[in-house]
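K.L.:
this one's structure only:
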């Protein structure tokens, strides 16, 4: 399955998205939508920095080009 | 709702925009406009670095590709 | 006003442009021109690093994708 | 062979993908698919940070523009 | 003059190009050519890191999206 | 010669490619192919970090947008 199709197949599921930056910055939430640039709309989002749960963020939009890795939460 | 549509739905509302960089660099303001690249025009902007309110910046334009995360301020 | 239109409206005015990088790297000058990618041509530019005026640089071209934030100097 | 064709020729094989970031962040897995932007879908992925095997991640999608280097595991 | 036209007007002249990175990484040389992405071909290039002349590099190609700033050497 | 043409003229030759990152990360090898985005396929690649030869890597693909500088090895 193509990379963007793989991500689209996860809509409605819980995913982890690792963002670019000086720390390990991960957003975990339910995938609401994704476009061709891998811009992502997450809901019920929790922020995890260096492995520690930091904040509940609700609804967030992530810019695709600053995403390192997307994966399903099993 | 698609990620860019989600951001467009926030026009006129207060949002937080986290930018790329060595520090946690957040701009909080009223969303005036956004384009397809997620370039953003904020008004009545306040700069928050590592959680501390630093400066009132008025009107600012943020380059879309350097945005990590956009979220409504609840 | 759309983000790029907002920047175009500042041609001839003094602006501050914050660039990506490990330090707070700001260029302050008169906006000569800007294109759709937010590439910027500044004149009478002064470089400000971590809040200190460093150098007078004259005419410079800034690459749009490495711009964090653009704002008018009031 | 063109760079993207070279990567396509590795589908079904084990590859290493080095990502952008402050640490040496490598994902090793079986290449499931790749698109024109070098977005990559890996399976049976293992994460290697600074040369140490960290985690088994299963299925992951990597954003092409944050890839430094791709190479076959011999 | 538009930003890319400004750079094209410097062909044959000596310019300084500041690159993205953890150090102040500047390449100084004669501008041979530039394209629409601001990819740059320099000749008789000297590398300047944190203000110190490091190496003579001859002919180099610089990737446009990793350029912070271009300016004429007066 | 245009920047991308200059790089194409080096096919079959030994080149050095400096990549983005916290360290001086250089790949030296024989240029097999290059596309319009400056994605690069190198063969008989040697990795050089902070000036020290680290590893022989064989065949590698480098993502164009993460390239800082390309130059012929004389």
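P.N.:
Thanks, I have it. Everything quoted here is computed from the prediction, not taken from an experiment. Numbering: from 1, shown residues only, chains lettered A, B, ... in the order given.

K.L.:
Please, where are all the helices along chain A?
P.N.:
For chain A, the helices defined by DSSP state H occupy A:3-8.

K.L.:
contacting residues around the spatially most central residue of it?
P.N.:
Against the mean C-alpha coordinate of chain A, by CA atoms, centre = their mean, the closest residue is residue A:17 at 3.1 Å. Shown in contact with residue A:17 (CB atoms under 8 Å, 6 or more residues apart in numbering or on different chains): A:26-28, A:40, A:42, A:62, A:67, A:69-70. Quick note: C-beta positions are derived from backbone N, CA and C, even for glycine.

K.L.:
The spatially closest residue to it that is not a sequence neighbour: how many residues sit nearby?
P.N.:
Using CB to CB, 6 or more residues apart in numbering or on different chains and skipping residues adjacent in sequence, the residue nearest residue A:17 is residue A:27, 4.9 Å away. Neighbourhood size, residue A:27 [other CB atoms under 10 Å in any protein chain shown]: 21.

K.L.:
Distance check, residue A:27 against residue D:15.
P.N.:
Distance, residue A:27 to residue D:15, by CB to CB, to the nearest Å: 26 Å.

K.L.:
Greatest separation within the contacts of residue A:17: which pair is it?
P.N.:
For these, with distances taken as CB to CB, the pair at the greatest spread is A:42 and A:69 (14.5 Å).

K.L.:
ok, residue A:58 to residue A:24 distance?
P.N.:
For residue A:58, the distance to residue A:24 equals 21 Å [CB to CB].

K.L.:
more crowded one of those two?
P.N.:
Ranked by neighbour count (other CB under 10 Å), residue A:58 and residue A:24 place residue A:24 first, with 18 against 14.

K.L.:
Contact partners for that one?
P.N.:
Listed by CB under 8 Å, 6+ apart, the contact set of residue A:24 reads A:18, A:48-51.

K.L.:
unless I'm mixing things up, residue A:40 is touching residue B:4, no?
P.N.:
No. Counting by CB atoms under 8 Å, residue A:40 sits too far from residue B:4 to count as a contact (11.1 Å).

K.L.:
Point me to the residue of chain A nearest chain B.
P.N.:
Residue of chain A nearest chain B, by CB to the nearest CB: residue A:39 (3.8 Å).

K.L.:
So in terms of bridging, what pairs with the closest residue to residue A:69 other than its chain neighbours?
P.N.:
Nearest residue to residue A:69 in three dimensions, chain neighbours excluded: residue A:18, at 4.5 Å (CB to CB, 6+ apart). When assigned by DSSP bridges, residue A:18 has beta-bridge partners residue A:26, residue A:69.

K.L.:
if we can go back for a sec, give me the more crowded residue out of residue A:40 and residue B:4.
P.N.:
Legend: neighbour count by other CB under 10 Å for residue A:40 and residue B:4, higher for residue A:40 (25 against 20).

K.L.:
low-scoring stretches of chain A, by residue?
P.N.:
For chain A, no stretch is flagged by pLDDT under 70.

K.L.:
Could you double-check that residue A:21 sits in contact with residue B:23?
P.N.:
No. Contact criterion CB under 8 Å: residue A:21 and residue B:23 do not qualify, at 10.0 Å.

K.L.:
between these two, who's got more neighbours?
P.N.:
Remark: of residue A:21 and residue B:23, residue A:21 carries more neighbours, 19 against 11, as counted by other CB under 10 Å.

K.L.:
Residues of chain A that sit close to chain D?
P.N.:
Contacts of chain A with chain D, taken as CB under 8 Å from any CB of the partner chain, map to A:1-4, A:6-7, A:20, A:22, A:38, A:64-72, A:74.

K.L.:
Now do the strands in chain A.
P.N.:
Here chain A has its strands, by DSSP state E, at A:14-19, A:25-34, A:40-49, A:52-62, A:67-72.

K.L.:
Determine the number of other residues adjacent to the residue lying closest to residue A:11 once chain neighbours are set aside.
P.N.:
Leaving aside its sequence neighbours, residue A:11 sits nearest to residue A:31 (CB to CB, 6+ apart; 5.2 Å). The tally of other residues near residue A:31 (other CB under 10 Å) stands at 21.
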